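Q: Starting from these lines, generate the structure:
(2 chains)
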Amino acid sequence: MNLVEKILARASGREKVAPGEVVVANVDSLILHDLSGYITSRVFEKEVKRKMRYPERVAMVFDHHFSPPNEERARILEENRAFARRHGIHLFDCGSGNIHNVAVRNGFVRPGTIVVGSDSHTPVHGTLGCFAVGLGNNSNAGTVMPFGKAWFKVPETIQVKISGQNKPGVCARDVALWLTGQIGEGGVVYKAMQFTGPYIKELEVWDRWLFPLITIDVGGKCSFIEPDEKTVNFVKGITDEPFEVITSDPDCEFADVWEYDASGLEPQVAASPTLGNVKPVGEFAGAPVQWAELGGHGGGRLEDIRQAAYILRGRKIAPGVKFNLVPSSREVFTEACREGLVQLLHEAGCTWFPPSTGSNQAINMGAMAETEAMVSTHARNFPGRNGSPKAMMYLGSASTVAASAVKGCIADPREFTV
Amino acid sequence: MRGRCWKFGDNIPTDQIVRVDRALQSLEEMAKHVLENLNPSFPREVKKGDILVAGKHFGQSSGRAVAPKAIEATGIAVVVVEYAARLFYRNCFEIGLPLLECPGISAGVSDGDILFVDMTKGYVYNENTDQEFKAAPIDPFLSRMLEVGGLINLPVEMFQE
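A: Below you'll find the model as predicted:
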């Protein structure tokens, strides 16, 4: 069996499971955000009406709001707080950071466990060797909260092997964006992916994270990276909670094996309307942008802030451009302060925002008029997610975002880095 | 089930089914705006028993169950797609909205065609063109969910220790 099958077998009390089987398994962590968590809490209290079975396994993170913009949202956040108190679940209030970063940094994600969430990017946690999937409101409220369990269909698994080394100015996010286009939207519907190969093994954990992050947007169910020494040290540096590392059997079989070479790759940009619309940066170069942002589920990492600072040192962003910096967690902001990046980027003309999920779906910030465009490290670029369905969203690496902010249009970061 | 077809394209995200700023509104309100950005007459003219047909990877992006709930609230009886995004698929059965995956359906129907859908035998018949499309089989666990009207109505013994 592979890692996912072993985890599902253990959590459902079976010797073995095989693709296609439906199992009911114990869940180790449930992570919710302030928006879908609210919907889940209503279903739980109004329709399910049972007791929270394992409140210590449930965390709600306010990340779509860092501060309520109006009375209605203030009321929703208050209801979420009251829900958390009533049921004794963990609450991370406004300003804590992005849901997935907060979950990792507070020990809710440990190798060998099952992590489920209301957010569709929950599969990102396969980075640490978990079985991690997004579930709908009814699963979370109907079976995870009252029974600590959920139903799962055991997926087929595709091995995705990546080799090669990036050229200067090209980074892991470019490879992940490119891979989204290679696999295609809906390219792995219902399937699991094992990300492996020398390229993945070389990466540090926060860069590995960018690969399982794409799971949902290529239609996958979950992804995983075999835990190694880097994984174990990373998790031990965060939590004292015990965990048992589970790895795939060396002779396990895959439904398919796909191999990719990242060597010749250029910096990549994915432009609205879909993630599949990903091309080398040159294809979009010159397209005007008024907004730039480091933020979102995969953005606002320390690595992103450092990349932007490298380009913006001694430079200013273009007139008319607004560059939002949204740390993914409070820890990231602390480290950015320590490294002098907060002042450097502020003086380059950027604006710091509270740790949160930033302009993701424009709940708290990031709405655009139909004439506007943004370049960002966000995970999605679908029309209507940031105000007008006609507004454009370009996704790229932090270097591409920073280079574009300097020029006022989509720009190749190698102009500044090489 | 027999009804009039409303046809949509490929890769439609849940954000286009229900805009995020409507996600906390009442179902009735959401239903008035379902898919309006792609076809403004859909939410205005859809009738109870109509059938929604869409292409590949329908319901991708955010996994909020309000997307299928809002579709259900318009009176749509069944959703037929080439294939659905995983979370949307799961959510449909969990809330009790029938969904069939029917390869080839997109090319074989037009807006306004009268379709006949047999969930048990797993096919869709287009009365206007006299064409039949075979559907992918549904897992018995999911069929049971549809029979009882959703996940929350399944017997608790299935989940209790």
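Q: Roughly how far does the residue nearest in space to the middle of chain B sit from chain A?
A: By C-alpha atoms, centre = their mean, the mean C-alpha position of chain B lies nearest to B:V79, the distance being 2.7 Å. Distance from B:V79 to chain A, counting by C-beta to the nearest C-beta, to the nearest Å: 15 Å. In short, each C-beta sits where N, CA and C put it, glycine included.
Q: residues in contact with the closest residue to chain A within chain B?
A: Closest to chain A within chain B is B:H57: 3.5 Å, counting by C-beta to the nearest C-beta. The contact partners of B:H57, taken as C-beta atoms under 8 Å, 6 or more residues apart in numbering or on different chains, are A:E185, A:G186, A:V189, A:G219, B:D10, B:N11, B:Y83, B:A84, B:A85.
Q: do the same with A:V170
A: A:L265, A:E266, A:P267, A:S397.
Q: If we use 6 Å, what do you get?
A: Residues in contact with A:V170 (C-beta atoms under 6 Å, 6 or more residues apart in numbering or on different chains) are A:L265, A:P267.
Q: For chain B, which element, helix or strand, carries the lowest mean pLDDT?
A: The helix or strand of chain B with the lowest confidence, counting by mean pLDDT, DSSP states H and E, is helix B:14-17 at a mean of 92.
Q: hang on, the earlier thing: looking at this, the residue nearest to the centre of chain B is in a helix?
A: No. With DSSP: H, G, I helix; E, B strand; the rest coil as the criterion, B:V79 is strand rather than part of a helix.
Q: wait, doesn't it sit right on B:L52?
A: Yes. With contact defined as C-beta atoms under 6 Å, B:V79 counts as touching B:L52 (4.9 Å).
Q: For chain A, give me the ranges with low pLDDT.
A: Residue ranges of chain A with pLDDT under 70: A:418.
Q: So which residues on it come close to chain B?
A: With C-beta under 6 Å from any C-beta of the partner chain as the criterion, chain A meets chain B at residues A:22, A:36, A:47, A:120, A:134, A:136-138, A:142-143, A:147, A:149, A:185-186, A:189-190, A:219, A:221, A:274, A:361, A:382, A:384-385, A:389.
Q: Now find how far off-centre stretch B:92-107 is within its chain.
A: 5 Å (C-alpha atoms, centre = their mean, to the nearest Å).
Q: In the stretch 151-300 of chain A, what residue comes closest to chain B?
A: Across the stretch 151-300 of chain A, no residue is closer to chain B than A:G186, which sits at 3.5 Å (C-beta to the nearest C-beta).
Q: Could you measure from that residue over to A:N324?
A: Distance, A:G186 to A:N324, using C-beta to C-beta, to the nearest Å: 31 Å.
Q: Would you confirm that A:G13 belongs to a helix?
A: No. Going by three-state DSSP, the assignment for A:G13 is coil, not a helix.
Q: Would you mind measuring from the residue nearest the centre of chain A to A:Q182?
A: What sits nearest the mean C-alpha location of chain A, by C-alpha atoms, centre = their mean, is A:H297, with 3.6 Å. Going from A:H297 to A:Q182 by C-beta to C-beta gives 21 Å.
Q: Then A:G320?
A: Applying C-beta to C-beta, the value for A:G320 to A:Q182 is 35 Å.
Q: what about the two, which has more around it?
A: Using other C-beta atoms under 10 Å in any protein chain shown as the criterion, A:G320 and A:Q182 rank with A:Q182 on top: 15 against 9.
Q: so how far is A:E372 from that one?
A: Taken as C-beta to C-beta, the span from A:Q182 to A:E372 is 30 Å.
Q: same question, A:S397
A: Per C-beta to C-beta, A:S397 is found 21 Å from A:E372.
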